[in-house]
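**Student:** whatever this is, show me its structure:
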Amino acid sequence: MRPNREHKSRLRGIVSPRILAVAVVAAVTALGGLSLLAPSASAAQSIEVLGLQGRLTTDLGLNSAWVIVAGLFVMFMQAGLAMLEVGFVRGKNAGSVIAKIITNFAIAAVAFWAVGFALSFGSGGLVIGTHGFFVDGQSSFPLAYPINPNGVTPDALWFFEFVFCAVALAILWGTTLERIKFGVYILFAPIFAGVIYPIVAHWIFADGWLRADLHVQDFAGSIVVDVTAGAAALAVLLLLGPRRGKYGPDRKPRAIPGHNMPLFGLGIIILWLGWFGFNPGSTLNALDGRFPEIVLVTQLAGSAGVLAAMAVMWAMTKTFDIGMAGNGAIAGLVAITGPAGYVKPWAAIVIGAVAGVIVVFGVVKIDKRVDDPIGVLSAHLIAGIWGALSLGLFATPLLASHNLPGSHGGLLYTGSFTQLGSQAVGVIVVFAFVFVASYVVFWLIDRTIGLRVSAEEENAGLDISEHGMYGYPEQFIPTPELIGYGAVPANMRVGTGPLSDPDVTVPEQIRRRRSEREPPR
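**Tutor:** Numbering: from 1, shown residues only. Next up is the predicted model:
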């Protein structure tokens, strides 16, 4: 919850995938050229002049610096998602994850700068913003300077909200790993970052109807980020289908283990760190004293999620499952994202623990029906829904009135279901809108270039079939071709170092050199 205004026919044979992908990239890039038609020089210079003259107010400068730093933490979550996904996929698909993360991040930046930021945080009506395209015109953004003179600069607000959008985009692809065409990312990313996500953000984070009329609470994005990402993820998953070999002839799911659990664990820790920008940064204010308590609340919920998930897994399997421990952390953090600025620390533990239990049963049940490789539907969609609804139970009246005047405290404080009802409506509306919009877009993509790679390409791995190279070359390229990789088998090496020259990889030459070095018996 951002501060209030006071405080703030199949065409596969006709359309080439390469042509469509290039066309989309060219269109997004061309937006930069269109911006030449947009600037309003007099409006754009005022804050620049103040900055160059050192005349920004202390509050404005400190708040902007804090929001930029928090945004950098959120940006670092891209690395966390990359490591988590790399660890959970098979080695033949590891490199494709990095290409996906980088490409989507780049497309989202351009789309959100040109269109998305205006639709989400520009001034306008209850449905969408109508001013501030290309981040132009300081008076276009109610949460930023000069409309909010002690808030943040428009550029600082853009960066912070962009990295939120980029995280939501990165999350949704978790259901598609190991079998989706790379061109799908290029086609869907600008639509999601430029239209779908911004509309939801406007409804709840800015001056949209869910916030203004129904007073839906969402401090940092359990609905806006996680339910949105989860709804889009479900839409593409239903069209894409499972990975080859995931389900047997009897439709029972088979485990497809990830290839590197240490990388998965590293991803969890990086994401956890990023949440300390995600939630505390959503104060958009370094001076009101709230963000340290939000750090505490965030940490407690994540910890409770881990402990609860591990306890449930021990009860079910008598093992401490690494993957479920990580999913418990993510679920707890997702669930507290919406309530972070509304609840007390004790409530954070309850919210996180419930999320940790939910994610375990969610993964087990969902896996029987659809193939969700990293548990997006459980850890983000279901946990996000729980986090949104928990506000209707645990939000304190004082924090509710501070963050969103007109909203109410939770059931435990007021004895009223009013806020719980508002939260439920918010979840249903956002899920329905995002799911339908995303499903239509993915259906159109499926009818043009297709969503998934061929069976042969999937078996070979997306690294080589989509990107022409391997994430781990020494594991997949035949040994004779691995010049420079030190991949000669150990029993064929001379001395202690790896051999990389072709003239010493022939067994006869190796044996000859070895015999020359060994003393006669």
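
**Student:** can you tell me the closest non-neighbouring residue to the residue nearest the centre of the chain?
**Tutor:** Within the chain, one residue has its C-alpha closest to the average C-alpha position: by Cα atoms, centre = their mean, that is residue 167, at 2.9 Å. In this structure, residue 167 finds its nearest non-sequential neighbour in residue 77, 5.5 Å apart by Cβ to Cβ, 6 or more residues apart in numbering. The way it works is simple: take the backbone N, C-alpha and C, and place the C-beta from them, glycine included.

**Student:** secondary structure element holding that neighbour?
**Tutor:** helix 58-88 (DSSP states H and E).

**Student:** can you give me the helices for the stretch 51-200 of the chain?
**Tutor:** Secondary structure of the stretch 51-200 of the chain, counting by DSSP state H, counting those that start in this stretch: helices at 58-88, 94-111, 117-121, 154-172, 182-191, 197-204.

**Student:** who wins for proximity to residue 432 among the ones you listed?
**Tutor:** Proximity to residue 432 (Cβ to Cβ) singles out helix 197-204 among the helices of the stretch 51-200 of the chain, at 11.2 Å.

**Student:** need the residues that contact the closest one.
**Tutor:** 1, 112, 115-121, 124, 127-129, 161, 164-165, 168-169, 208-211, 216, 218, 223-224, 228, 426, 429-430, 433-434 (Cβ atoms under 8 Å, 6 or more residues apart in numbering).

**Student:** how close does residue 92 sit to residue 256?
**Tutor:** Going from residue 92 to residue 256 by Cβ to Cβ, to the nearest Å gives 12 Å.

**Student:** okay, these two: which has more neighbours?
**Tutor:** Neighbours were counted for residue 92 and for residue 256 using other Cβ atoms under 10 Å; residue 92 has more, 22 against 16.

**Student:** which residues touch the residue lying closest to the more buried one once chain neighbours are set aside?
**Tutor:** Leaving aside its chain neighbours, residue 92 sits nearest to residue 461 (2.7 Å; criterion: Cβ to Cβ, 6+ apart). Shown in contact with residue 461 (Cβ under 8 Å, 6+ apart): 90-93, 96, 470, 476.

**Student:** can you list the low-confidence ranges for this protein?
**Tutor:** Along the chain, segments meeting pLDDT under 70 span 1-55, 479-521.

**Student:** which parts of it belong to which domain?
**Tutor:** Using automatic domain parsing, the domain ranges for the chain come out as 57-242+261-462, 478-521.

**Student:** would you mind finding the most buried of the ones you listed?
**Tutor:** Among the domains of the chain, the stretch with the highest mean neighbour count (mean count of other Cβ atoms under 10 Å) is domain 57-242+261-462, at a mean of 22.

**Student:** just confirm residue 137 contacts residue 130, I think it does.
**Tutor:** No: between residue 137 and residue 130 there is no contact under Cβ atoms under 8 Å: 11.5 Å.

**Student:** for residue 421, see how far away residue 217 is.
**Tutor:** Separation of residue 217 from residue 421 (Cβ to Cβ): 12 Å.

**Student:** could you do residue 333 as well?
**Tutor:** Per Cβ to Cβ, residue 333 is found 26 Å from residue 421.

**Student:** equivalent analysis for residue 432, please.
**Tutor:** Going from residue 432 to residue 421 by Cβ to Cβ gives 17 Å.

**Student:** cool, and residue 467?
**Tutor:** In terms of Cβ to Cβ, residue 467 sits 48 Å off from residue 421.

**Student:** also residue 306?
**Tutor:** According to Cβ to Cβ, residue 306 stands 31 Å off from residue 421.

**Student:** just residue 278 next, same as before
**Tutor:** As for residue 278, its distance to residue 421 is 27 Å (criterion: Cβ to Cβ).

**Student:** repeat that for residue 440.
**Tutor:** Relative to residue 421, residue 440 is positioned 29 Å away (criterion: Cβ to Cβ).

**Student:** ok, now residue 287?
**Tutor:** The gap separating residue 287 from residue 421 is 34 Å, by Cβ to Cβ.

**Student:** next one: residue 89
**Tutor:** Using Cβ to Cβ, residue 89 is found at 41 Å from residue 421.

**Student:** which residues touch the closest residue to residue 213 other than its chain neighbours?
**Tutor:** Spatial nearest neighbour of residue 213, chain neighbours left out: residue 126 (7.2 Å); criterion: Cβ to Cβ, 6+ apart. Going by Cβ under 8 Å, 6+ apart, residue 126 touches 207-209, 212-213.

**Student:** residue 370 contacts residue 378, doesn't it?
**Tutor:** No: with contact defined as Cβ under 8 Å, residue 370 does not reach residue 378; the gap is 11.0 Å.

**Student:** can you pull the phi/psi pair for residue 181?
**Tutor:** Backbone dihedrals for residue 181, given as degrees, to the nearest 10, come out at phi -70, psi 140.

**Student:** state the distance from the residue nearest to it when sequence neighbours are not counted to residue 408.
**Tutor:** Counting by Cβ to Cβ, 6+ apart, residue 181 lies nearest to residue 453, which is 5.6 Å off, once chain neighbours are set aside. Using Cβ to Cβ, residue 453 is found at 50 Å from residue 408.

**Student:** also residue 198?
**Tutor:** For residue 198, the distance to residue 408 (Cβ to Cβ) stands at 27 Å.

**Student:** with residue 203 instead?
**Tutor:** Look at residue 203 and residue 408: by Cβ to Cβ, they are 19 Å apart.

**Student:** with residue 255 instead?
**Tutor:** Separation of residue 255 from residue 408 (Cβ to Cβ): 45 Å.

**Student:** contact partners for residue 277?
**Tutor:** Residue 277 touches 69-74, 76, counting by Cβ under 8 Å, 6+ apart.

**Student:** now, which of the residues you listed sits nearest residue 323?
**Tutor:** residue 76 (22.0 Å).

**Student:** wait, doesn't that closest one sit right on residue 275?
**Tutor:** No: applying Cβ under 8 Å as the test, residue 76 and residue 275 come out as separate, 10.5 Å apart.
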